[in-house]
Structure formats: C-alpha cells, structure tokens
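>>> A structural model of the following input is requested.
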Amino acid sequence: MTAFSVCVLFTLVVFVKGEAFDHHGAICPPGWLKWQESCYTLLPGRMYYTDASTECARRGAAMVVPNSQEENDFIWREMKKLMDETGAASDKLQLWIGCRKTNGRHLTCEGETVYHDYTDWGDGEPSNGKNEDCVRISEDFGGHWGDRICKVLYFAACEMKAALAGHCRLPTRFIHVPQMCLLNHEIKSFQVGGFERCGFACWAEPLCHSFNLFEETDGVMICQLNHANLYEADGNGIGNQENCFFYEK
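Residues are numbered from 1 along each chain as shown. Here you go, the predicted model:
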C-alpha cells in the first residue's frame, strides 16, 4: 500500500456554487460559507447542544459565536436559508450558538476564557427558566436570542478561521489500497482533475472516510466520496474494479 499525505495548500481559488473563496487571501473548504475571515457551515439535522459541540470539534471547528450584530445577522440570514432548504417548519427554525449562561445573564462561550460581551437577547429573554442554560437564535424572537434547556433538538452551525493562501490546515494521510474498490457507500460523486482535488474534497467533507477515483475515457476522472473505510464496510461492497483507485484515511 502507498500512503499519501494531503496537506491542502490554499493557493488556488476554490469554486463552490459559483462563488470563489479567495477573498483577501483567505478561503474556506467546499460547503462552507465565508464572512470576513471565518468560515461557517450548518450541521446536518437537529441535535442536542452537547452533540453539536462535539460534531463541530470533529470538523476542526467550534460552534458559532456571534461577536457583533453584523455577524449575528449574517449567521441567522444564511443558516435560516439552509434550514429552510430542509423543509423545516417555522417553529423548527432554532439554531444553537456556542454559548451557555452562568449567573443568570452572563455568558461563557466556546474558545473564550472571559464572559462574552456581545448579546442579542429577544424580548423577555433570557427567561431564566429551570435548567435553561444554553443559547439559541430563534425565529420565535425574530432572529434574536433565547435561553433553553440543552437537551432539545435544534439545528446548529460550526465556525472556523479561514485558511490563508499558501498555508496548510489539517494535513490528512490517505493510503492507496491497490486492486481494491469500495462500492455502495457513496456520499456523492463528481468530476475532478486528479487525486489532489478528490483528496481535498474528502478532507473537507466531515462524513468522508475514503474515496474512489475512477479513470474513464478521454482522461476524465470521477471522484466518489465514501462514508466508510474498508474496516467499517466489513466486507460489504469491497471488490476489484478496473480503473478504480481506492484511498482511505
């Protein structure tokens, strides 16, 4: 087996949905939205506060923490669009942010060692109900904040610093397994120019554990991202297919 280490150097402009993330020399991975020098993404599905924090950490990020009215408006506007795309009813448009209450109104937020200065509480909030320690942005409050018990299923979003061009973030080691292909575990497929672009896509997709690179006619290459590696597949869909090159983390 041959091992490759993908250290993603952000020297190219990456296009996602027609937008180029190369503003001011800092860019975001595919599927993330850029605002100033940070990247944002909505987690799939609704989850408890603590699970959202864990999922963001798995992506090398943290839960979103608005630091200004402008950032809060951006987060709510863009994440609300994504929540709407899931078909969520208006009463389900609730978004956890990475802050918890202490001493009534004081907030401690992810990545901070002092009380958080900026707040955007809705009318009558925080209500300080029993065990309502976690904070959400809510459609009920017109995009302002409210407190809530942490064991409620809401949407959540992650935030991380955008990478500077020419800098490497989160090197990932992929192992090429010869004469092997993993089928029936596909997340998505798309045309690429080579291994590096497919490896970058797998690096940027939190659910990706491996990928197939199919070499078709006329030099066309198809990247297939998988939600399992060979061990996790446990024999399901593992085989040999001509012109298929398999890599796993």
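
>>> in this structure, spot the strand with the most residues.
Ranked by residue count, the top strand of the chain under DSSP state E comes out as strand 94-102.

>>> could you point out the longest helix of the chain?
If you go by DSSP state H, the chain has its longest helix at helix 69-85.

>>> and that helix with strand 94-102, angle?
140 degrees (axes from the mean of the first three to the mean of the last three CA atoms, to 10 degrees).

>>> please parse this protein into its domains.
The record's domain parsing of the chain by automatic domain parsing lists 2-7+171-248, 38-161.

>>> where does the residue nearest to the spatial centre of the chain fall, phi/psi-wise?
Nearest to the geometric centre of the chain sits Thr41, at 4.7 Å (CA atoms, centre = their mean). Backbone torsions of Thr41, given as degrees, to the nearest 10, read phi -150, psi 150.

>>> doesn't Trp32 make contact with it?
Yes - between Thr41 and Trp32 a contact is recorded at 4.7 Å, counting by CB atoms under 8 Å. Using the backbone N, CA and C atoms, a C-beta is placed for each residue, glycine as well.

>>> the helices in this structure, which residues?
Using DSSP H, helices in the chain cover 49-58, 69-85, 195-204, 230-233.

>>> any weak-confidence spans in this protein?
Low-confidence segments of the chain, defined by pLDDT under 70: 1-26, 104, 164-172.

>>> and the closest residue to Phe174 other than its chain neighbours, how far from Cys181?
In space, and not counting its chain neighbours, Phe174 is closest to Tyr247: 4.2 Å by CB to CB, 6 or more residues apart in numbering. As judged by CB to CB, to the nearest Å, Tyr247 and Cys181 stand 11 Å apart.

>>> ok, these two, which is more surrounded?
It is Tyr247, of Tyr247 and Cys181, that has more neighbours when counted by other CB atoms under 10 Å, with 26 against 19.

>>> give me the residues contacting stretch 52-61.
Defining contact as CB atoms under 8 Å, 6 or more residues apart in numbering, one finds that stretch 52-61 is touched by 39, 41, 43, 47, 62-63, 96, 98, 110, 154, 156, 158-160, 169-170, 206.

>>> now which of those would you call buried?
39, 41, 43, 47, 62-63, 96, 98, 110, 154, 156, 158-160, 169, 206 (16 or more other CB atoms under 10 Å).

>>> now Leu42: how far from Lys80?
10 Å.

>>> an error on my part: the question was meant for Arg197.
Taking CB to CB, one finds Arg197 at 31 Å from Lys80.

>>> same thing with Gln94?
10 Å.

>>> what touches both of these two?
Counting by CB under 8 Å, 6+ apart, the shared contacts of Gln94 and Lys80 are Glu139.

>>> looking at these two, which one has more neighbours?
With neighbours defined as other CB under 10 Å, Gln94 and Lys80 compare such that Gln94 has more, 21 against 18.

>>> what about that one, distance to Ser138?
Using CB to CB, Gln94 is found at 5 Å from Ser138.

>>> same check on Phe195?
44 Å.

>>> do the same with Thr54
Distance of Thr54 to Ser138, given as CB to CB: 22 Å.

>>> between these two, who's got more neighbours?
Counting neighbours by other CB under 10 Å for Thr54 and for Ser138 shows that Ser138 has the greater number, 20 against 12.

>>> what comes up buried for stretch 31-48?
Buried residues in stretch 31-48, defined by neighbour count with 16+ other CB under 10 Å: 32-35, 38-43, 46-48.

>>> no further queries at this time; thank you.
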